[in-house]
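Peer 1: Provided below for reference: sequence and predicted model.
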Amino acid sequence: MGAGSFEGDRKAAWTALLHAHARIVTRLSADLDEAGLISLGSYDVLVQLSENGGRLRLKELVNRVVLSQPGLSRKVAKMETDGLVERLDDPADGRGVIVHITRTGRAALRRASVVHMAGIQREFTSQISDQEAAVLAAVFGRLEIRDRDSDRDSTADGQTGRNGVGPVADRGVPDRRKSADAARRRRGSANRSPGSPR
């Protein structure tokens with residue numbers, strides 16, 4: 001068996017990751033739907049805005065959302081109709097749009113976060129040990145850094161980022177030390193509300 005080949009435990013780990021992710025996201029989405037709260041996709045958008053000063057350029061938001069990248073412009077338009085966000089002209093770019101979270105959006109995020117964080121604890125954090133959490137955080141943190149490094153390289157070559165809406169450099173590409181700090185902050189966010197959709 002070659003090192004790193006798609007066999008044995010590596011294959012099993014990849015398959016389990018895909019199935020676990022699909023199952024957990026489905027259940028977390030159902031939690032919000034059954035409680036009559038915002039959708040998980042809207043929650044994702046509002047979390048990203050909340051964690052970035054309440055506003056982001058639309059092209060930056062596309063690079064940050066975790067669950068709802070396809071059709072994000074339509075998603076934001078519907079969220080604006082629902083009063084959760086507002087779209088503003090970007091003074092730095094006449095064709096650009098800034099998405100800003102509203103008071104209604106912040107209130108919706110707070111309500112949804114109570115249900116969502118309980119779901120994350122039920123489906124994930126209560127199912128793993130501290131040691132397993134540390135290993136998973138290290139592994140996925142390393143893969144995330146690799147992904148961002150790849151985005152930076154493709155942007156330097158004049159290509160768009162992984163979401164096809166470059167340049168990714170607009171959101172900043174942290175060095176490994178900053179990424180490790182960010183991973184620690186994300187782990188800590190499980191104890192506060194609102195939390196990340198991840």
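Peer 2: Perfect, I can see it now.
Peer 1: Neighbours of residue 63, how many?
Peer 2: Neighbourhood size, residue 63 [other CB atoms under 10 Å]: 20. All C-beta atoms are positioned from the backbone trio N, CA, C, and that covers glycine.
Peer 1: what's the helix or strand hosting it packed up against?
Peer 2: Using DSSP states H and E, residue 63 sits within helix 58-64. Where contact means 3 or more CB pairs under 8 Å, 6 or more residues apart in numbering; DSSP states H and E, helix 58-64 is packed against helix 40-50, helix 72-81, strand 93-101.
Peer 1: any weak-confidence spans in this protein?
Peer 2: 1-2, 68, 147-198 (pLDDT under 70).
Peer 1: contacting residues for the nearest residue to residue 93 once chain neighbours are set aside?
Peer 2: Among residues not flanking residue 93 along the chain, residue 57 sits closest, at 7.7 Å (CB to CB, 6 or more residues apart in numbering). Residue 57 makes contact with 90, 93, 96, 97, 98, 99, 170, according to CB atoms under 8 Å, 6 or more residues apart in numbering.
Peer 1: Just give me the neighbour total for the first one.
Peer 2: It stands for residue 90. So residue 90, with other CB under 10 Å, has 14 neighbours.
Peer 1: Kindly confirm my reading that residue 56 forms part of a strand.
Peer 2: Yes. Under DSSP: H, G, I helix; E, B strand; the rest coil, residue 56 sits within a strand.
Peer 1: if I read this right, it contacts residue 48, doesn't it?
Peer 2: Yes. Judged on CB atoms under 8 Å, residue 56 makes contact with residue 48 at a distance of 6.6 Å.
Peer 1: Touching both of these two, which residues are there?
Peer 2: Common contacts of residue 56 and residue 48 (CB under 8 Å, 6+ apart): residue 64.
Peer 1: From residue 79, how far off is residue 62?
Peer 2: Residue 62 is 14 Å from residue 79, where distance means CB to CB, to the nearest Å.
Peer 1: okay, those two: which has more neighbours?
Peer 2: residue 79 (26 against 21).
Peer 1: so residue 119 touches residue 27, yeah?
Peer 2: Yes. Using CB under 8 Å, residue 119 is in contact with residue 27, at 6.6 Å.
Peer 1: The two - which one has more neighbours?
Peer 2: Taking other CB under 10 Å, residue 119 and residue 27 do not tie; residue 119 has more neighbours (19 against 12).
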